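**Q** need a 3D model of the following:
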Amino acid sequence: MTSSSNDRVLTYEGIDKSFGGVHALIGVSFGVRSGEVHGLVGENGAGKSTLIKVTGGVYAPDSGTISLDGEPTVFHGPRDSEAKGIRIVHQEVPICLNLTVAENIFLDPFPPKRRGVFLDRRQMNRRSVALLNRLGIELDPRRNVGLCSPAERQLILIAKALAENARIVILDEATSSLSDAEVEILFDVMQNLKTHGTTFMFVSHRLGEVAAICDRITVLRNGKYVGTYEDSDPEFLTERIVGKEIANVVRKSDSSRRDGKVVLEVDRISQQEAGLSSISFRLHKGEVLGLAGLRGAGRTELLETLFGLRRRNDGTLSLSNSRVNVRKPSDAIRHGIGFLTESRNEALYYEHSVRSNIASVIIDRLRRYGLIHGRRCSRVAATYVDDLQIATPSIHTEVQSLSGGNQQKVLLARWLAAGPQILLLDEPTRGVDVGAKNEIRKRILDLAAQGVSVIYVSLDFEELVQVCDRVLIISQGELIDELQGDALTVRNIVRKINALERERVTVTAEERDDVDLSALGIESED
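**A** From the prediction side, this is the model:
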């Protein structure tokens, strides 16, 4: 389905872009209507990020034309794109946490000044309040942005776009770190601005959100245009995104593992700074043990404590019945424990190669006579690039040029190369497309079948049910319950968490709303 040319505010015609031997975009053509929310979806590596950067003037297309209001336009850089009223709100929020709301809004290009020299903070604050009121939110312009929630930071960037007279706002995975309640706030703002003529391009891997907010949806696959659709059914979109049927990843809980070899025993560990209190559990060989709870419940903090990023105040850890003292990450690695963190920004060396990133944990093993053995590094990297099907022109390509899903695979390859016996995974499929998500989950199940034990943290409870043998429920730093067998369902996880939170009078409404219900499929369960 296509839109008529006279109602298009933004049109792509035959856009091509290559990087060396990689064709990121191949003849992409479609139009975005004025005043609509236009979805852009596809697997990692489909070309979404490249198209956004072409639209933002970061890259020049090798061929093809971008038109605004029917007039062909050439962007010689980001300033040209911004001058035409295009603003991009990125997944990793580019915001100055040490500045105020108003200072962030007017940071660039020219804040109002008095006498041409001094910042006119009174005018900045007054104009910021007007912009934020236009978004339907109340926020003190003098507040430090470091104290704002992720949703408020996204809205501040949209306010900044309005301050710069944005006609087209591109939201690139802007909801990936937001709770359900925060997403609703953002969507309300988008609907309000849409009625006043602002056009949005909404890029997301969360197809439920795409269906909820978008008027039409364009699908890219392998750098090519697949189609633009008004049908927003997630199954319909998934078929077009992947181009083939995705097999359901379902793992039946194996209760016999409860009687198998215990590889990790955690006995009453506490970490005061993180709020962890008397945590005890056992992890069996080849088991995938899930950890479910709200943000701030202690999920990430528990993994960080097990890995030695946080020093525990009390309790003991035992590996294969032998007590160990993990005081720092190098201790954990030496004992065969790996940790895949939630944020890629915290773990990747973006300006270094795929090879260097994969080899970084085992670099000492790859030395000979004190020098790094380049060929051994290359062999290790090439093995895991092939094994995980990492889409990269070369093992020498900088990681920053890869798609998000392939960056995540590089991180997983790093720990596979280390040969861990226990793998701690914190949101391993966050922000990746359905195809990469399926591949990562299958790989984790393969590792479990080979005897690797996994602790799996995710806010996607459906994923926990599909992948895990057991799921532990954590609330305010305490392990409260355990689900397994027929009791391990999405509905039961949500019920347990909500029941626990209702019992705790100190929990805020914002925390209670932090369960991501939109992707859980609760209605489908009996």
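**Q** please enumerate the helices of the stretch 251-400 of the chain.
**A** 299-307, 329-334, 354-359, 374-387 (DSSP state H, counting those that start in this stretch).
**Q** so which of those comes closest to Arg441?
**A** Comparison of the helices of the stretch 251-400 of the chain against Arg441 by C-beta to C-beta identifies helix 374-387 as nearest, at 15.4 Å. For the C-beta atoms, the positions are set from N, CA and C on the backbone; glycine is no exception.
**Q** any buried residues in that closest one, and which?
**A** Neighbour-count burial for helix 374-387, counted by 16 or more other C-beta atoms under 10 Å, picks out Cys377, Val380, Ala381, Tyr384, Val385.
**Q** and those as TSV, adding pLDDT and distance to Ala449?
**A** Putting those into TSV (pLDDT from 0 to 100; distance: C-beta to C-beta, whole Å) gives the following:
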residue	pLDDT	distance to Ala449
Cys377	81	28
Val380	85	22
Ala381	86	24
Tyr384	81	18
Val385	88	22
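**Q** what's around Ile95, how many residues?
**A** Counted with other C-beta atoms under 10 Å, residues neighbouring Ile95 total 18.
**Q** mind listing what it touches?
**A** Asn104, Val145, Arg153, Ile156, Leu157 (C-beta atoms under 8 Å, 6 or more residues apart in numbering).
**Q** just flag the most distant two among the residues you listed.
**A** Pairwise across those, and taking C-beta to C-beta, the largest span is found between Val145 and Leu157, at 10.2 Å.
**Q** which neighbours do these two have in common?
**A** Ile95, Asn104.
**Q** and which of the contacts of Ile95 is nearest Ile137?
**A** Ile156 (9.5 Å).
**Q** using CSV, write out every CA atom in whichever strand or helix holds the closest one.
**A** Following DSSP states H and E, one finds Ile156 within helix 150-163. Extracted in CSV, the C-alpha atoms of helix 150-163 (Å, rounded to 0.1, in the frame of the first residue of the first chain):
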residue,chain,number,x,y,z
PRO,A,150,13.9,7.9,31.6
ALA,A,151,10.5,8.9,30.2
GLU,A,152,10.9,12.5,31.4
ARG,A,153,14.3,12.6,29.6
GLN,A,154,12.7,11.4,26.4
LEU,A,155,10.1,14.1,26.7
ILE,A,156,12.7,16.7,27.4
LEU,A,157,14.4,15.8,24.0
ILE,A,158,11.0,16.0,22.3
ALA,A,159,10.6,19.5,23.9
LYS,A,160,14.0,20.3,22.6
ALA,A,161,12.9,19.3,19.1
LEU,A,162,9.8,21.5,19.4
ALA,A,163,12.1,24.4,20.5
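**Q** elements contacting that helix?
**A** strand 86-89, helix 101-105, helix 121-134, helix 180-195 (3 or more C-beta pairs under 8 Å, 6 or more residues apart in numbering; DSSP states H and E).
**Q** pull up the distance across stretch 333-348, start to finish.
**A** 17 Å (C-alpha to C-alpha, to the nearest Å).
**Q** list the buried residues of it.
**A** Ile333, His335, Gly336, Ile337, Gly338, Phe339, Leu340, Thr341, Glu342, Arg344, Ala347, Leu348.
**Q** average pLDDT for the helix holding Ile156?
**A** Averaging pLDDT along helix 150-163 gives 75.
**Q** outside of it itself, list whatever touches it.
**A** Outside helix 150-163, the residues that reach it (C-beta under 8 Å, 6+ apart) are 87, 89, 93-95, 101, 104-107, 127-128, 131-132, 134-135, 137, 139, 145, 148, 169, 174, 177-179, 181-183, 185-186, 189, 193, 198.
**Q** again with stretch 219-229
**A** Stretch 219-229 has contacts (C-beta under 8 Å, 6+ apart) with 1-3, 23-30, 40-43, 45-48, 50-51, 216-218, 236-237, 240-243.
**Q** pull the CA atoms of that stretch into CSV?
**A** Extracted in CSV, the C-alpha atoms of stretch 219-229 (Å, rounded to 0.1, in the frame of the first residue of the first chain):
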residue,chain,number,x,y,z
VAL,A,219,9.1,-3.1,6.9
LEU,A,220,12.7,-3.4,5.8
ARG,A,221,14.6,-6.7,5.4
ASN,A,222,18.2,-7.2,4.5
GLY,A,223,18.4,-3.5,3.4
LYS,A,224,15.4,-3.8,1.1
TYR,A,225,11.9,-2.3,1.2
VAL,A,226,9.3,-5.1,1.9
GLY,A,227,6.2,-3.0,2.1
THR,A,228,4.1,-0.4,4.0
TYR,A,229,1.0,-1.7,5.8
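**Q** quick revisit: partner strands of the next helix or strand after the helix holding Ile156 and their direction?
**A** As assigned by DSSP H and E, the chain's next helix or strand after helix 150-163 is strand 168-172. Looking at strand 168-172 with DSSP bridges, its partner strands are strand 86-89 (parallel), strand 199-203 (parallel).
**Q** so Asp481 touches Arg470, yeah?
**A** No - here Asp481 does not reach Arg470: they are 10.8 Å apart, not a contact under C-beta atoms under 8 Å.
**Q** tell me which of these two has more neighbours.
**A** Between Asp481 and Arg470, counting by other C-beta under 10 Å, Arg470 is the more crowded of the two (25 against 17).
**Q** quickly list what that one is bridged to.
**A** Assigned bridge partners for Arg470, using DSSP bridges, are Leu289, Gln484.
**Q** and the pLDDT for it?
**A** 94.
**Q** and Ile66, by the same measure?
**A** Reported pLDDT for Ile66: 96.
**Q** show the contacting residues for it.
**A** Shown in contact with Ile66 (C-beta under 8 Å, 6+ apart): Leu10, Thr11, Tyr12, Glu13, Ile15, Val54, Thr55, Pro72, Thr73, Val74, Phe75.
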